[in-house]
Every structure is written in structure tokens, then in C-alpha cells.
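Colleague: Sequence first, predicted model second:
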Amino acid sequence: MSKPLQSRLAEEVGKRRTFAIISHPDAGKTTLTEKLLLFGGAIRLAGTVKGRKAAKFATSDWMEIEKQRGISVTSSVMQFDYKGHRVNILDTPGHQDFSEDTYRTLTAADSAVMIIDSAKGVEAQTKKLFQVCRMRGIPIFTFINKLDREGRDPFDLLEEIEQVLGIRSHPMNWPIGMGKQLCGIYDRHKQQVELFDENDTEKIEVTEVSGYDDPKIRKMAGEHLHDQVQQELELLDVAGDDFDFEKVRQGELTPVFFGSAVNNFGVQTFLENFLTLAPTPTARKSNEGEVEPTETKFSGYIFKIQANMNPAHRDRVAFLRIVSGKFERGISVYHARSNKTMKLSQPQQFLAQDRDIVEEAFPGDIIGLFDPGVFRIGDTLAEDRSLAFDELPTFSPELFCKVTVKNALKHKQYQKGIDQLTDEGTIQVFKTPHFEDVILGVVGQLQFEVFDYRMKHEYGVDIQMQRLNYQFARWLVGDVDPNKFRINSTVVLDKNQNYVALFENEYAMRSSMEKFPDIQFLETAP
Ligand code: G4P
């Protein structure tokens, strides 16, 4: 392949950072995202951020259900440039009712930013999302937000991160006061202080200091606070984890930044450090080994499918993460599932009303492809016909219901709806072995409502849903006799005819695990 393409690829890959933000609702994800977008002139917004907050960004209220709830059902992509970098942010729904889609979006990110509310610490949803990042071993950067409010002791927060999430931490900066006393943050590496001025959040004022014992800090913070901060920083120097770039890259150490997103405080320093430390687009595993981003042949995989984003277009959009090569509008790629070569002539980085056609894109970028119904989650699109990326994990659902169609004559549409919605990956369908009862599994309650709504409005089918009491699903691997599992669980089949045991509680699950030590109980599909 030509040298110019190779060097162009190396240059474009070097510029890119693709990450997801993980947090619990209300920690400040929307706010931080908006501030980051303001630092870079946002180039493309693919359906964001909560409508109530940012009318200019709210393009995702494509479905009544979103409008009614004022939340974003599906995650989306944003792109901006900052000081020579091209940044792709993968948004994950912030509401409690998030879905498996959220987990899967994390597989398209090369690193993650974890936002923690300084008053609340590590919360449930953060924990779940963190575990998925951990599984992939991607670097995780922590932003401890809302310093302008009285929060918990920073050491407490660090300890919680280490205890609850099991990751070591290294504070890159340290708060000088909190809440009403907040006067700045001390940068441990650059030896400077970013000053806090509640009344002027536009201006970012930084003062160079000689160290944390600099009299300038004493003057600013007062004796008492300065003594305290000095002691804290001394303790960190002596007893804290050293900064270790390799450990950050392996996802074993999280660099921690403090700030207040709403006040635009600590955000720029966070962004600049993040861009220096976060990885450029990484290789992905395939049947032919790791595919490096700088390989000249184009390849990518679909990690998300979203239907009917704009009711005026009754189509689906498949989100493709580019893994290698250069994407050019009109490129011909091979799609193994349909055994077809297809020309990608309408790539989009869109959204809603404004669909912006992409002329070229590079590894790390996400593009939206018009999907007439041929794509499935995990599909590979590549110039190389024999390439197939490893399958994306199927995550264990946590809520279940039995579903039946009210009017038996509508069975065909019902089946079509179920098939399409399963392809999109927001619901999982299980069947009981003999009676073929249909059981849906989801990660968030909202997915049931979305399912019900879409069955009615898109497929014209009324359904009946009966909630089931299961909380855990585990894929069974080994010599499984489903009858033996009856006491503690119900055994069903997934779409690939794998056995899955559904449990009502952890106790039942543990008992089964103990009773059948030769069987593996997997959290993701084998
Ligand atoms: P989310 O996307 O993670 O759910 O959080 P979001 O950014 O919507 O922030 C949740 C609430 O926290 C918002 O307040 C927001 O203004 C506030 N917030 C975000 N960052 C900070 C911060 O650094 N300090 C303080 N004190 N508050 C912060 P809200 O009252 O729910 O919304 P709004 O009426 O302020 O828009």
C-alpha cells in the first residue's frame, strides 16, 4: 500500500481519542460533556444531551417516550477538535433505566472517564459500568465533581474507589478547601494552582507556585486550611500510589482529577491531561489476530443499532466503530453475514433532522450507516473478505417478563418485531424448552416500556407483559440437565440455543453454583 496513506493513517490515529463517560445519574455527566464540547468547537453531535438542559444539543427526542420522560433512551456520539486532537465522546444514557446498549457502547471506547459526585461517592450505576470497563482492561480516568459543594473527605473518596471498585488511584491534583471554603486546586505535577472564582467561571486563572508549601497558597487559603492541605499532600507523597503510566494504560491505576463541572473549574486541566494520557485508538481482536488501526485496509464493526431516530425516516442506523484503514464515502466493503459486498454511500454523522454526510473518517471514529435491516450487533465490515472481529459480549439481563401477543392473528408481525428488536440488542429473548413461552430479559426497566411502545406503534401489535421475579441470568456451560436445575431456578434457551438459568435471588444462584461445581455459570453469553 502507498506510503502516503500509511503516514496519513498514523497521523490521524495519533490525533484521536475515543472515550465514554461513565457515571451515576446526577453526578454531572451532562454538565461536564457540555463544558468539554465548549472547549473544542463541537463538530458533530449525534443526538445528545438531556433536552431540558441544552436545547441546542437536544436532538434525540425522536420518540414520545423520550419526550415524556425528558431523558435520552439511547446513547450517542459527539465529536470535537481540541489543540490538534480529534475527540470522540460516546454518550451513555445517564438515567437509571439504562440498557445493555450502554454496556455495549463501552466496547467501542478506548478509555473511560468516570465522574463521581464528591458528596455521594461511588454509586450503583457507576459500579456496573466500571465493571464492564474493567473487563476490557481499558484506562479509566476519574473526575470528582461538585467541589463547590460540601462533599466527603477526599481521602475517603479515594479509599472508596479502591475498596469498592478495586482500582488504585493517583490524584493528579488536590482540592484546596471544599464547598464554601474552596479556593483552588493544586496541580501535583505542574506545581501550579488553579484558582476558584465562583463569580467568574469564564476565566481560568492559574498561578505558578514553588510547591504546596508556597506562601502564596497560605495567603490565599489562610493558615488553617493551608496547614491541612500541606499535611494531606505530604501524606499523599509518602503513602499514596505513584503515578505509573503503564498501570494507567492497563486500567490498574486511575488518575484522579478534582473539579466543579458547572463552574468550569478544573475541566480544562482535566481535558489536557486526559488527552496526553489517554490511548489513541487501539487494536481489536479478530479471527486473524489483532487488527491495528494503522493497517491500511479498512475495517470496522457494528456495536449499536438504533431504529427510527427520526419518525420521518422509518429506517435504522447502525453505528460502526472504525478499527483500521481510511473510510471514504462510497468505499466498498464486504459484509460476511449477507455474503455481499456493499458500497457505503450514505455514511452519516448526524443526527435527528440534520444528517451530516461523512466524506472521510479514521480509526476511532464512529459513523452511522443506513441500515435497511441487514446489520446485526457485532457484524464486521471490511475490505478483507476473511476478517471477522470477535463477537461482542452479551450481558446478563437483570429484569424479566413473560410476553404474549393479544391477538394471535398478529403473530407474524409480533415475531418480526421481536427479531428486529433483538438485533438492535436492547432486549434479549429466551424461550422455555418445551412450551416455548417467550421471556424477555433487559438491563433497565425502560426497555420494557420501549418494547411495548414500539410493538404497538411500529408493528401494530398489542402485547401482554407479565413481570417475572428473576434477578439474575447465568449462561450454563458443561453437561447441563435442565430438569436438575428446577428447584432453584428456571432454565431457558437463548437465541443460540444455549442454556440459561434464571434465578430469583443471589442465594438461589449461589446454591446452584455449589450444587453443580462442574458447570460454569457465565455472566456473558459463551
Ligand atoms: P447527569 O448528566 O450525570 O445526570 O448530571 P447533570 O450534568 O445533569 O447534573 C446534575 C445536577 O448537578 C444538575 O443540577 C447540575 O447543574 C448539577 N451539577 C453538575 N456539576 C455540578 C457542580 O460542579 N457543582 C454543583 N453544585 N452542581 C453541579 P440540577 O439542579 O439537576 O439541574 P439544573 O437545574 O442545575 O440544570
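Modeller: Noted; the coordinates are in hand. Numbering: from 1, shown residues only.
Colleague: Please make it C-alpha for all contacts and neighbour counts, starting now.
Modeller: Will do.
Colleague: Quick one: the helices in the chain, in order.
Modeller: For the chain, helices defined by DSSP state H occupy the ranges 3-15, 29-39, 64-69, 100-106, 124-136, 154-160, 215-221, 223-239, 245-249, 267-277, 411-424, 446-459, 506-515.
Colleague: Pass me the low-pLDDT residue ranges in this structure, would you?
Modeller: Counting by pLDDT under 70, the chain has low-confidence residues at 1-3, 41-76, 93-98, 307-315, 346-357.
Colleague: Work out which residue lies at the spatial centre of it.
Modeller: Among the residues of the chain, the one closest to the centroid is residue 106, at 3.7 Å (Cα atoms, centre = their mean).
Colleague: what's around the residue lying closest to that one once chain neighbours are set aside, how many residues?
Modeller: If the residues on either side of it in the chain are set aside, residue 106 comes closest to residue 20, at 6.4 Å by Cα to Cα, 6 or more residues apart in numbering. Number of residues near residue 20 (other Cα atoms under 10 Å) recorded here: 24.
Colleague: Residue 20: what's it in contact with?
Modeller: Counting by Cα atoms under 8 Å, 6 or more residues apart in numbering, residue 20 touches 89, 90, 91, 92, 105, 106, 109, 111, 112, 113.
Colleague: For the last one, give me its contacts.
Modeller: The reference is to residue 113. 19, 20, 21, 22, 140, 141, 142, 143.
Colleague: didn't the last one look like it was pressed against residue 261?
Modeller: Translated: residue 143. No. Under the criterion of Cα atoms under 8 Å, residue 143 is not in contact with residue 261, lying 9.2 Å apart.
Colleague: Contacts for stretch 235-249, please.
Modeller: 138, 139, 140, 168, 169, 170, 253, 254, 255, 277, 278, 279.
Colleague: Next, format those as TSV and append distance to residue 152 and neighbour count.
Modeller: Converted to TSV, the contacts of stretch 235-249 look like this (distance: Cα to Cα, whole Å; neighbours: other Cα atoms under 10 Å):
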residue	distance to residue 152	neighbour count
138	27	24
139	25	25
140	21	31
168	19	20
169	17	23
170	17	20
253	21	24
254	19	28
255	19	25
277	27	16
278	28	23
279	31	19
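Colleague: Using JSON lines, lay out these together with distance to the ligand.
Modeller: As requested, the contacts of stretch 235-249 are exported to JSON lines (distance: Cα to the nearest ligand atom, whole Å):
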{"residue": "138", "distance to the ligand": "21"}
{"residue": "139", "distance to the ligand": "20"}
{"residue": "140", "distance to the ligand": "17"}
{"residue": "168", "distance to the ligand": "23"}
{"residue": "169", "distance to the ligand": "21"}
{"residue": "170", "distance to the ligand": "21"}
{"residue": "253", "distance to the ligand": "23"}
{"residue": "254", "distance to the ligand": "20"}
{"residue": "255", "distance to the ligand": "19"}
{"residue": "277", "distance to the ligand": "23"}
{"residue": "278", "distance to the ligand": "22"}
{"residue": "279", "distance to the ligand": "24"}
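Colleague: hang on, isn't residue 119 packed against residue 150?
Modeller: Yes. Using Cα under 8 Å, residue 119 makes contact with residue 150 at a distance of 6.9 Å.
Colleague: These two: which has the busier surroundings?
Modeller: residue 119 (18 against 15).
Colleague: got the residues of this protein near the ligand?
Modeller: Residues of the chain lying close to the ligand (Cα under 6 Å from any ligand atom) are 25-31, 53, 94, 145-146, 148-149, 260-263.
Colleague: which residues sit in contact with the closest residue to residue 288 other than its chain neighbours?
Modeller: Spatially, and ignoring its direct neighbours in sequence, residue 288 is nearest to residue 387 (6.5 Å; Cα to Cα, 6+ apart). Applying Cα under 8 Å, 6+ apart, we find residue 387 in contact with 286, 287, 288, 380.
Colleague: out of the residues you listed, which are buried?
Modeller: residue 380 (16 or more other Cα atoms under 10 Å).
Colleague: Please identify which of the contacts of residue 387 is nearest to the ligand.
Modeller: residue 380 (32.0 Å; Cα to the nearest ligand atom).
Colleague: I'd like the distance between that closest one and residue 442.
Modeller: According to Cα to Cα, to the nearest Å, residue 380 and residue 442 sit 25 Å apart.
Colleague: now swap in residue 99 and tell me
Modeller: 7 Å.
Colleague: got any residues that touch both of the two?
Modeller: Common contact partners of residue 99 and residue 442 (Cα under 8 Å, 6+ apart): residue 426.
Colleague: Quick check: the residue of the stretch 51-200 of the chain nearest the ligand.
Modeller: Closest point on the stretch 51-200 of the chain to the ligand, by Cα to the nearest ligand atom, is residue 146, at 3.4 Å.
Colleague: What is the burial count for that residue?
Modeller: Residues near residue 146, counting by other Cα under 10 Å: 23.
Colleague: Return the distance of the nearest residue to it once chain neighbours are set aside relative to residue 196.
Modeller: Spatial nearest neighbour of residue 146, chain neighbours left out: residue 260 (4.5 Å); criterion: Cα to Cα, 6+ apart. Here the criterion is Cα to Cα. By it, residue 260 lies 9 Å from residue 196.
Colleague: and those two? which has more neighbours close in?
Modeller: The residue with more neighbours, out of residue 260 and residue 196, is residue 196; 25 against 22, by other Cα under 10 Å.
Colleague: wait, isn't the more buried one in contact with residue 181?
Modeller: No. Look at residue 196 against residue 181 with Cα under 8 Å: they stay out of range, at 10.0 Å.
Colleague: Just list whatever residues bridge to the closest residue to the ligand within the stretch 201-350 of the chain.
Modeller: Closest residue of the stretch 201-350 of the chain to the ligand, Cα to the nearest ligand atom: residue 260 (3.3 Å). Beta-bridge partners of residue 260, counted by DSSP bridges, are residue 265.
Colleague: contacting residues around it?
Modeller: By Cα under 8 Å, 6+ apart, the contact set of residue 260 is 144, 145, 146, 147, 148, 266, 267.
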